[in-house]
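Peer 1: Structure, please.
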Amino acid sequence: MTGSERLERTFRRAGLKPAERDVLPANDAGGIVLARADWVYDEGLIAALARRPRALLVGPKGEALAAHVEAYDAAPVADALEGGDAAALAGLERLDPAGLAYNQALRKREPPVLEPLSPERVRAVEARLFKGSYKGVTDIVTKRLWPVPARIVTRWCALAKITPNQVTFAGFLLVLAAFWLFWTGHYAAGLACGWIMTFLDTVDGKLARVTLTSSKWGNVFDHGIDLVHPPFWWWAWWVGVQAGPHPLPQADLMLGVVLVGYVAQRAIEGVFMRLFGMHIHSWRPFDSWFREITARRNPNLILLTGCALVGRPDWGFAAMAAWTAVSFAVHVVQLVQALAAPKASVVSWLSR
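Peer 2: Numbering: from 1, shown residues only. Got it, this is the predicted structure:
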């Protein structure tokens, strides 16, 4: 996209009606947001500016980049943003991007994207946009292993006009394939499908954010698959193990621990979100670190993969059951501690 195309999408997603510089509305049109198209803006910056009348967004060196003004001030302020008389900006309140560093949705503290755009800086801006689209609190595989290859594939998808929903659908097909392969004891092929699916699960979200094409339906589709499929995978793995050469003793108990533990952990996370308005893993540094290894899909796949490589998928399931029990206990302690603390003190450490 050009800077203008990207800015137009950003405006629309912020509930604003885009228009070019030479068709400024009439003086009775109310508030107007003006922004230079030779810069790339984080969505949150434009949304924040739209909520702040008489505000001026400034760049890292104090450059005047965007403003929210009344229609009768639009023309002189637009001139000033383009390098004209800066006197028209004198009465505007400065909106410093540094004050918007905490991103609750992505669970991280990072300066929002605000980059000058020129032909020679395209790759650098792409890299910054991709970094800005990444969640700060997530599992160890997504955080440590996928960023570099995911950036490459996300760029390929954007250039090929592949939509995030198409990537999500491909991941859904892999979910089904992995389920069948685990059920029939074909662990190597099933793990290959599973790991590719987890990679695509990283790509689809990043693609949606960097191309400004996320939607409510896409969000429901993606997160619905993420939420529902893991226990079906673990059940299928259990079936494959029980039909294989090393069936588990107390297998029903282990299966119950894995399935009930997964559902209970997600329920605790939901209760925490409802009570405190944030993710349980964003509360304290320990909680964010534990999210990297808690018994969710990717850490569990590490256990299953390691044991499958030595020919003992049954050990993998037993290890997953044990780790699920430990993770559930940690979640219970986290919730109890939050309930015992003064509610005003339960805020994300990333927002401080």
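Peer 1: tell me the SS of Lys161?
Peer 2: Assigned by DSSP: H, G, I helix; E, B strand; the rest coil, the conformation of Lys161 is coil.
Peer 1: what's the neighbour count on Gln242?
Peer 2: 16 (other C-beta atoms under 10 Å). Just so you know, the C-beta spots here come from the backbone N, C-alpha and C atoms, and that holds for glycine as well.
Peer 1: Next, find the distance separating it from Tyr262.
Peer 2: 19 Å (C-beta to C-beta, to the nearest Å).
Peer 1: can you give me the helices for the stretch 251-352 of the chain?
Peer 2: For the stretch 251-352 of the chain, the helices defined by DSSP state H, counting those that start in this stretch occupy 251-276, 285-293, 297-309, 313-340.
Peer 1: Pipe the ones you listed into a markdown table and attach mean pLDDT and mean neighbour count per row.
Peer 2: Below are the helices of the stretch 251-352 of the chain laid out as a markdown table (pLDDT from 0 to 100; neighbours: other C-beta atoms under 10 Å):
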| stretch | mean pLDDT | mean neighbour count |
| --- | --- | --- |
| helix 251-276 | 97 | 16 |
| helix 285-293 | 98 | 17 |
| helix 297-309 | 98 | 20 |
| helix 313-340 | 98 | 18 |
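Peer 1: do you know which of the ones you listed lies nearest Val40?
Peer 2: helix 285-293 (28.0 Å; C-beta to C-beta).
Peer 1: just the angle between that closest one and helix 251-276, please?
Peer 2: Relative orientation of helix 285-293 and helix 251-276, computed by axes from the mean of the first three to the mean of the last three C-alpha atoms, to 10 degrees: 140 degrees.
Peer 1: mind listing what the closest residue to Ser214 other than its chain neighbours touches?
Peer 2: When the adjacent residues along the chain are set aside, Ser214 lies closest to Ala208, with 3.8 Å between them (C-beta to C-beta, 6 or more residues apart in numbering). Each residue near Ala208 by C-beta atoms under 8 Å, 6 or more residues apart in numbering is listed here: Pro164, Ser214, Ser215, Gly218.
Peer 1: now swap in Pro149 and tell me
Peer 2: Phe199.
Peer 1: Name the next helix or strand downstream of the helix or strand hosting it, please.
Peer 2: Following DSSP states H and E, one finds Pro149 within helix 147-159. Downstream of helix 147-159, the next assigned helix or strand under DSSP H and E is helix 164-183.
Peer 1: So what's the residue count around Asp42?
Peer 2: Counted with other C-beta under 10 Å, residues neighbouring Asp42 total 22.
Peer 1: re earlier: redo the helices of the stretch 251-352 of the chain as JSON lines? Include distance to Gly171.
Peer 2: Conversion of the helices of the stretch 251-352 of the chain to JSON lines gives the following (distance: least, C-beta to C-beta, whole Å):
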{"stretch": "helix 251-276", "distance to Gly171": "19"}
{"stretch": "helix 285-293", "distance to Gly171": "21"}
{"stretch": "helix 297-309", "distance to Gly171": "12"}
{"stretch": "helix 313-340", "distance to Gly171": "21"}
